[in-house]
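In: Next one to model:
(one chain, ligands or ions: 2)
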Amino acid sequence: MEKIMIFDTTLRDGEQAPGFSMNGEEKIQMARQLEKLQVDVIEAGYPIASEGDFEAVKQISAEIRSVTIAGLARAVPIDIDRCWQALEGAAKPRIHTFLATSDIHLKYKLGKSREEALEIAVKAVQRARSYCNDVEFSAEDAGRTDIDFLCRVFDAVIEAGATVINVPDTVGYQTPAEYGALIRTLRERVRDTDRVTISTHCHDDLGLAVANSLAGIEGGARQIECAINGIGERAGNAALEEVVMAIDTRKKYYNVTTGVQTEELFRSSQLLSKLTGKDVQVNKAIVGKNAFAHEAGIHQDGMLKAAVTYEIMVPERVGVKSMIVLGKHSGRHALVARYRELGYDLSKEDLDRAYQGFVKVADRRKVVSDDDLIAIIEKREAAANV
Ligand code: KIV
Ligand code: ZN
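Out: Ligands and ions are numbered 1, 2, ... in the order given. Now for the predicted structure:
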């Protein structure tokens, strides 16, 4: 089974999103967790952007030895040189240089012609290669770039020494079918794509970043750029935990695998949330508080009989304990099971009484806690607010 490289950009694209900035110490802590998660590449920052980012990339490069460390650089000499200064201590350094290629960006943002852009891209890759054997080139706004020109750009940067070509849907405009077809076309039309890795970088403006990344895999991409909790510019990047678990859960369908230690996913999500002070939405796939919580009576009954009825992946696989949440939609089966877990084997009479108490509490509260259940069964109803 082919391996998909997981390129984590939590500390670069993620961190540059409003409200998600981290100081050097926080970035190091997150990088240590990403190493435990066993991602393949950590994009540690954008060294030219600030002294703090430079130092963070340098420190991460010195400490994290088992993972490739990437730094971002615009396709200009000053960025590339600074990026290398930050990365040179890394065991496995990668310079990631980028240039916009869509006519919209060339005209309104850069004021450059296509030919000028082509020359800049080639020079940037050559300069990066003079420092480092692992060079990624991103064609910013590739999703809206003329396909013939995009092929020419990738042909040229591969010839100049790029080892990874990245295809960003910078503005999150693509649909899965379009993006998958784009990757397939590039794989067929660009020369020497078997010598390089094709990479996806999808933004979530239409909520399609994960679907587009997975379509990219089907088209032949072998690196996915993503971020923990899906953080990133605007609506964010593809959520790492969703991409990884889609591949893990549907391995036979995708016929690929990743090296990610999935049991570390929840911990990684929690750490990021703690460091940035930003909660994860409760219904967020994989890492949200409710992602494995079953409250409806019918679901709980099914779960208690066989988890496969309502669970497509085992929560422990992502580092979460299975959760039956007792609330007003729960039934007697779940109540008996929870009491059993708490050490009570209820007679029918006890259960009838406990159930009546439970319904009263559940009517008032969203969730009935273990303490409430114990208070009910121990006839300390007052404590359970009955
Ligand atoms: O979204 C984007 O185009 C980027 C590039 C710098 C890769 O983040
Ligand atoms: Zn991006």
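In: Quick one: end-to-end distance for stretch 317-330.
Out: In stretch 317-330, first residue to last residue: 25 Å (Cα to Cα, to the nearest Å).
In: hmm, who's touching it?
Out: Applying Cβ atoms under 8 Å, 6 or more residues apart in numbering, the contact partners of stretch 317-330 are 241, 245, 248, 262-267, 286-287, 290-297, 300, 303-304, 307, 311, 314-316, 334-335, 337-338, 358-359, 362-363, 365-368, 373. Quick note: C-beta positions are derived from backbone N, CA and C, even for glycine.
In: Just those: which are in helices?
Out: If you go by DSSP state H, the contacts of stretch 317-330 have 241, 245, 248, 265-267, 297, 300, 303-304, 334-335, 337-338, 358-359, 362-363, 373 in helices.
In: Close to ligand 1: what parts of the stretch 101-250 of the chain are there?
Out: Contact residues (Cβ under 6 Å from any ligand atom) of the stretch 101-250 of the chain with ligand 1: 138, 140, 166, 168, 170, 201, 203.
In: Can you list which of those are found in helices?
Out: Per DSSP H, the subset of these in helices is empty.
In: CSV for those, including neighbour count, pLDDT and distance to residue 96?
Out: Formatted as CSV, these follow (neighbours: other Cβ atoms under 10 Å; pLDDT from 0 to 100; distance: Cβ to Cβ, whole Å):
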residue, neighbour count, pLDDT, distance to residue 96
138, 26, 99, 7
140, 22, 98, 12
166, 24, 98, 8
168, 24, 98, 11
170, 23, 98, 14
201, 31, 98, 10
203, 25, 98, 16
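In: need those in TSV with distance to residue 44, can you?
Out: Supplementary listing: these in TSV, determined by distance: Cβ to Cβ, whole Å:
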residue	distance to residue 44
138	16
140	20
166	16
168	18
170	21
201	16
203	20
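In: Among those, find me the one that's closest to residue 130.
Out: Nearest to residue 130 among these, counting by Cβ to Cβ, is residue 138 at 19.0 Å.
In: Spit out the contact partners of the closest one.
Out: For residue 138, the contacting residues are 96-99, 166-168, 201, by Cβ under 8 Å, 6+ apart.
In: if I look at it, how far off is residue 156?
Out: Residue 138 is 14 Å from residue 156, where distance means Cβ to Cβ, to the nearest Å.
In: Who are the packing partners of the helix or strand containing residue 349?
Out: Here residue 349, judged by DSSP states H and E, is contained in helix 348-364. In terms of contacts (3 or more Cβ pairs under 8 Å, 6 or more residues apart in numbering; DSSP states H and E), helix 348-364 is packed against helix 332-341, helix 370-377.
In: could you dump these to TSV with mean pLDDT, mean neighbour count and distance to ligand 1?
Out: Listed next are the helices and strands packed on helix 348-364 as TSV, based on pLDDT from 0 to 100; neighbours: other Cβ atoms under 10 Å; distance: least, Cβ to the nearest ligand atom, whole Å:
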stretch	mean pLDDT	mean neighbour count	distance to ligand 1
helix 332-341	88	18	45
helix 370-377	89	18	45
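In: Grab the nearest non-local neighbour of the spatially most central residue of the chain.
Out: What sits nearest the mean C-alpha location of the chain, by Cα atoms, centre = their mean, is residue 240, with 1.8 Å. In space, and not counting its chain neighbours, residue 240 is closest to residue 226: 4.1 Å by Cβ to Cβ, 6 or more residues apart in numbering.
In: How about residue 207?
Out: For residue 207, the closest residue by Cβ to Cβ, 6+ apart turns out to be residue 235, at 7.4 Å.
In: Now do the helices in the stretch 1-150 of the chain.
Out: With helices called from DSSP state H, counting those that start in this stretch, the stretch 1-150 of the chain shows them at 24-37, 51-63, 77-87, 103-105, 114-131, 147-160.
In: Rebuild those helices as CSV, extending it with mean neighbour count and mean pLDDT.
Out: Formatted as CSV, these follow (neighbours: other Cβ atoms under 10 Å; pLDDT from 0 to 100):
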stretch, mean neighbour count, mean pLDDT
helix 24-37, 20, 97
helix 51-63, 20, 98
helix 77-87, 21, 98
helix 103-105, 16, 98
helix 114-131, 19, 98
helix 147-160, 19, 98
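In: As a markdown table, the ones you listed with distance to residue 182 would be great.
Out: Putting those into a markdown table (distance: least, Cβ to Cβ, whole Å) gives the following:
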| stretch | distance to residue 182 |
| --- | --- |
| helix 24-37 | 28 |
| helix 51-63 | 30 |
| helix 77-87 | 27 |
| helix 103-105 | 16 |
| helix 114-131 | 18 |
| helix 147-160 | 8 |
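In: circling back to that earlier point, and the residue nearest to the centre of the chain, how far is that from residue 94?
Out: Residue 240 sits at a distance of 18 Å from residue 94 (criterion: Cβ to Cβ).
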